[in-house]
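>>> have a look; sequence and predicted model below, questions after that.
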Number of protein chains: 2
Amino acid sequence: MIKTRITELLGIEYPIVQGGMAWVADASLASAVSNAGGLGLISSINASADTVLEEIRKCKKMTNKPFGVNIMLMSPIADQVAQFVIDEQVPIVSTGAGTPAKYMEQWLKAGIKVIPVVASAAYAIRMEKIGAVAVVAEGGEAGGHIGEMNTMALIPQVCDAVSIPVIAAGGIADGRGFAAAMMLGAEGVQIGTRFITATESNAHDNYKQKIIAAGDTDTIVTGKSLGHPVRALKTPFSRKFAQMENDPTQTPESIMEFGSGSLRKAVKDGDEKMGSFMAGQGSGLVKKVQPAKEIILEIVSDARNLLEGSSKYF
Amino acid sequence: MIKTRITELLGIEYPIVQGGMAWVADASLASAVSNAGGLGLISSINASADTVLEEIRKCKKMTNKPFGVNIMLMSPIADQVAQFVIDEQVPIVSTGAGTPAKYMEQWLKAGIKVIPVVASAAYAIRMEKIGAVAVVAEGGEAGGHIGEMNTMALIPQVCDAVSIPVIAAGGIADGRGFAAAMMLGAEGVQIGTRFITATESNAHDNYKQKIIAAGDTDTIVTGKSLGHPVRALKTPFSRKFAQMENDPTQTPESIMEFGSGSLRKAVKDGDEKMGSFMAGQGSGLVKKVQPAKEIILEIVSDARNLLEGSSKYF
């Protein structure tokens, strides 16, 4: 067990949150992480709003521990999912891509603990003001949609800016990253990429194998020209996407059409040509498919050994 | 005192290396850092090769502790400085922007310890093979010329790739960053931005004040279109540079001409309009001008308290 404000606040054993990855984060993965003592999240980006509702109901049957739902605020079904979490008494909601301000009153009234993902100190301050119980501060080494700040510099500055606890994300995949995050002032971590390869993750095996095979420089950021930078593995799709962004004969519309549905193709079909295999710079640290519980216990035990062993330096 | 392979190898008290920042890193700053128990570096980018030689000779008079010279390998005076370090018996050389392979034989024969700056695991492996005693692994949150990988994900992957000790750089400005770097597997840190604001730094006071005033999101990366991304504070100059990169009527030549001499203008003249104030994402962690010794002792003492205090979590 580890005791921080995050474990106490959320009623979990280990302050390890599983990223609410679109298409990947379903009841199977979320319940496995929660059952192992971490915090599992279900993504609001899945086949349909009804599918999300189903996954929430499934998850409640699969675990009696706390779990949460990640709501991507720009999603067209955000309003629906925002209501589901109240109806289904989901204890924790994390939010991304915008401010959850318009939902806060009803969520707080329903007793939901809200944890927005932020990429700057200023945004963290805004979230604390509207009633967030914690923030996930995510650096640009993360997979998927990213901001400008990187983890090493972002975490201490967010910690200095707010008094609510901070969960560090971006580039964290093992006990070293966990221990480092704690030293930066975080009281927990959010891990995405490594949980994609968990045994209980329903991501296509091609996706898992690509992450396991990746080295440190095997990711690329695309979408900057569209205002939505995204980190993914270097594949035919992401290279072509980058090329199109540099091609003056392409329009934002033609590029977006090319990208449409590409994450689903990676997660569900393992489509090596047209799939967008979103993953972070920590991919090179992921070595094998393991049960979520093994991942969590390994991270915690390695971090503990590192922190306790640090006295050798002094 | 802290004991790691870096302190033992370099004969220093604290494994804190001062970045070899162009125009900033002179005898005054380097000797102050070395006298305080860290490793001071003199930059090879200054007014002329003769100036660099003068700074080396001055530094030898100002400290009897080890110091080094950073050689920017793309610089037109690299060959000259590569010889100076042998003639002047400089004990440590760090290198950036390329491979020091062609100098290695003579440097190793002269007993010089070579520490290249790297931005990937593959490059670190190459440097170990040609005889580097350590590497500085630098993440993209650093100021000045940067790579693609960020610190949190880069350090553990470089540590896994080589058996020589790793010095972490990028986004590290206080005891939290130092402690985090040690947890990631580094055995020392390199700090740039915070030392620009040291009392003994000859950077113009406008430069120091701009860093102190900066918040977390006040840096910008320019030069990507030219193949040389550089992180600097957001100022009229860097914004205009970014604008020119997006302007199809500009050529790489016109943009480079606009940027020519801009770092010198910032360091020497504090030129708020045409200066390039290179600085890292850790700028928001820098709060005041302090002597180098105070900076080092504060970082070490804070890191020690954090590492020793971590038992409270378990």
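In hand now; what should we look at? Numbers count the residues shown, from 1 in each chain, chains lettered A, B, ... in the order given.
>>> can we go C-alpha only for contacts and neighbour counts from here?
Will do.
>>> quick check: bridge partners of the closest residue to residue A:113 other than its chain neighbours?
Distances taken as Cα to Cα, 6 or more residues apart in numbering or on different chains put residue A:92 closest to residue A:113, at 4.7 Å, once the chain neighbours are dropped. Residue A:92 has these beta-bridge partners by DSSP bridges: residue A:68, residue A:113.
>>> and the helix or strand hosting residue A:176, what does it pack onto?
Using DSSP states H and E, residue A:176 sits in helix A:175-183. Packed against helix A:175-183, as judged by 3 or more Cα pairs under 8 Å, 6 or more residues apart in numbering or on different chains; DSSP states H and E, are the following elements: strand A:188-191, helix A:292-309, helix B:151-161, helix B:175-183.
>>> so which bits of the stretch 51-200 of chain A are right by chain B?
Residues of the stretch 51-200 of chain A lying close to chain B (Cα under 8 Å from any Cα of the partner chain) are A:120-121, A:140-141, A:148-154, A:156-157, A:170-172, A:176-177, A:179-185.
>>> just the buried ones among these, please.
The neighbour-count test (16 or more other Cα atoms under 10 Å in any protein chain shown) marks A:120-121, A:140-141, A:148-154, A:156-157, A:170-172, A:176-177, A:179-185 as buried among those.
>>> ok, the residue of chain A found nearest chain B - contacts?
Chain B sits closest to residue A:180 of chain A, with a gap of 3.9 Å, by Cα to the nearest Cα. Residues near residue A:180 by Cα atoms under 8 Å, 6 or more residues apart in numbering or on different chains: B:179-184.
>>> just put these in CSV and tack on pLDDT and distance to residue B:314.
Compiled in CSV, these are given as follows (pLDDT from 0 to 100; distance: Cα to Cα, whole Å):
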residue, pLDDT, distance to residue B:314
B:179, 97, 18
B:180, 98, 18
B:181, 98, 21
B:182, 97, 19
B:183, 97, 16
B:184, 98, 19
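>>> and of those residues, the nearest to residue A:8?
Lowest distance from residue A:8 to the contacts of residue A:180 (Cα to Cα) belongs to residue B:180, with 23.5 Å.
>>> tell me the SS of the nearest residue to residue A:30 once chain neighbours are set aside?
Closest residue in space to residue A:30, ignoring its immediate chain neighbours: residue A:40 at 3.8 Å, by Cα to Cα, 6+ apart. What DSSP: H, G, I helix; E, B strand; the rest coil gives for residue A:40 is strand.
>>> and for residue A:70?
Assigned state for residue A:70: strand (three-state reduction, three-state DSSP).
>>> so it makes contact with residue A:20?
Yes - Residue A:70 is within contact range of residue A:20, at 5.3 Å (criterion: Cα atoms under 8 Å).
>>> show me the residues around residue A:86 that make contact.
Residues in contact with residue A:86 (Cα under 8 Å, 6+ apart) are A:107, A:110, A:112.
>>> can you list the buried residues in stretch A:289-299?
Quick answer for stretch A:289-299 (16+ other Cα under 10 Å): A:289-293, A:295-297, A:299.
>>> I should have written stretch A:279-287 there, sorry.
Of all the residues in stretch A:279-287, those buried under the rule 16+ other Cα under 10 Å are A:279-286.
>>> which ones among those residues also lie next to chain B?
For chain B, the contacts drawn from the buried residues of stretch A:279-287 by Cα under 8 Å from any Cα are A:281-282, A:284-285.
>>> got any residues that touch both of residue A:70 and residue A:20?
Common contacts of residue A:70 and residue A:20 (Cα under 8 Å, 6+ apart): A:41-43.
>>> neighbour-wise, which of these leads?
Compared across the shared contacts of residue A:70 and residue A:20, residue A:42 has the highest neighbour count, 32 neighbours, by other Cα atoms under 10 Å in any protein chain shown.
>>> isn't that one right next to residue A:56, touching?
Yes - between residue A:42 and residue A:56 there is a contact at 7.2 Å, judged by Cα under 8 Å.
>>> anything in contact with each of the two?
What both residue A:42 and residue A:56 touch, as defined by Cα under 8 Å, 6+ apart, is the set A:27, A:69.
>>> quick revisit: what would the shared contacts of residue A:70 and residue A:20 look like in JSON lines with distance to chain B and pLDDT?
Below are the shared contacts of residue A:70 and residue A:20 laid out as JSON lines (distance: Cα to the nearest Cα, whole Å; pLDDT from 0 to 100):
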{"residue": "A:41", "distance to chain B": "23", "pLDDT": "98"}
{"residue": "A:42", "distance to chain B": "25", "pLDDT": "98"}
{"residue": "A:43", "distance to chain B": "24", "pLDDT": "96"}
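>>> I'd like those as TSV, with distance to residue B:196 appended.
Listed next are the shared contacts of residue A:70 and residue A:20 as TSV, based on distance: Cα to Cα, whole Å:
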residue	distance to residue B:196
A:41	43
A:42	45
A:43	44
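>>> so which of those comes closest to residue B:228?
Among the shared contacts of residue A:70 and residue A:20, residue A:43 lies closest to residue B:228 (Cα to Cα), at 37.7 Å.
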